[in-house]
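Colleague: give me coordinates for this.
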Amino acid sequence: MTWVVVLIKDFATAKQRLGPVLGPEERHRLAIASAGRALEAARAGDRVLAVCGSPEAAELARRAGAEVLLEARPQGQNPAARRGVKRALAGGAEAVILLSSDLPLVSRDALATLLQAGAEGGPKVVVAAAAAGRRGTNALYLRPPDVIGLHFGDDSLPRFEADARARGVPFSSRSLPELALDLDEPADLEHPFKPAAGIEVIPVRGLPEVQPGDDLARLIAGGVRLQDGDVVVVAQKVVSKAEGRLLDLRTVTPSARARRLAKGLEFQTDPRAVQVILDESVRVLRE
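Modeller: Next comes the predicted model:
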């Protein structure tokens, strides 16, 4: 039996190194979306365990049908992975995949490929999925689950290999496109990426600050060469700016209700922004 252990950080503090290009809410949404993809991909294994750094992450994992291990005091990726391995061993796991939740292109097929590579090894084996452009590790197959130590972090790939070699355990590294991309730093957002399925992700470079009345389609077409069949993904914020749907928060006075709702949110939000949302809403389903 192979368990997939998904390591999910606290969404509120995730992706801090993307701060120069993404705001807190954008980083929060990115972390949630990536974790959701990881939980879906993890279903390639026999059981899914999510080691979660916050109640919000734990709730997402429960909704996805995963077993949840909520850390009382998160201490980083390696302690989280050790807790996951310990739980998997107690549950009778013969092998585990330790999977980062920060991979925006992860898929169930990619996990199945890693599982197959591990299954083709002997009774003791380590198979790593390398991170693109770094010497890091985004997913790790271990049989048995405690066959080597845990070394996630800088230069983790050679550390895992050295540990396996020292113990006489066969080690291999796989370059699986869907497991290679980790949006960890601003430069990661600029790299075109081609997963095995033939999808290419290309950033639109050189866009100016969009102003009300700008022809957004013309600006996008001027920054990238489009072909028949291409799909253009545009954030709602830039569409709103082009359409002139802007509001100066300095003109907004938040109500007591808006202030109360803003205080109850897990990430810091301006009460005036909450008031604008209330003004545009037909009704609020949950407070």
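Colleague: how far away is the residue located most distally from the centre of the chain from Val48?
Modeller: Ranked by distance from the centre of the chain (CA atoms, centre = their mean), the top residue is Thr251, with 36.4 Å. Going from Thr251 to Val48 by CB to CB, to the nearest Å gives 48 Å. Glycine gets a C-beta too; all of them are placed from N, C-alpha and C.
Colleague: and for Pro158?
Modeller: For Pro158, the distance to Val48 - CB to CB - is 29 Å.
Colleague: so those two - more neighbours on which side?
Modeller: Val48 (24 against 12; other CB atoms under 10 Å).
Colleague: show the pLDDT at the more buried one.
Modeller: Note on Val48: pLDDT of 96.
Colleague: need the contact list for it.
Modeller: Trp3, Val4, Val6, Leu39, Ala42, Ala64, Gly65, Ala66, Glu67 (CB atoms under 8 Å, 6 or more residues apart in numbering).
Colleague: how about the second one, what does it touch?
Modeller: Meaning Val4. Applying CB under 8 Å, 6+ apart, the residues near Val4 are Ala42, Arg43, Ala44, Gly45, Arg47, Val48, Leu49, Val96, Ile97, Leu99, Leu111.
Colleague: could you rerun that using 6 Å?
Modeller: Ala42, Gly45, Val48, Ile97, Leu99 (CB atoms under 6 Å, 6 or more residues apart in numbering).
Colleague: now the fifth one
Modeller: Counting by CB under 6 Å, 6+ apart, Ala42 makes contact with Val4, Val6, Val48.
Colleague: before we move on, back to that, pick out whichever of the contacts of Val48 sits closest to Leu207.
Modeller: Leu39 (32.9 Å; CB to CB).
Colleague: can you pull the phi/psi pair for the closest one?
Modeller: phi -70, psi -40 (degrees, to the nearest 10).
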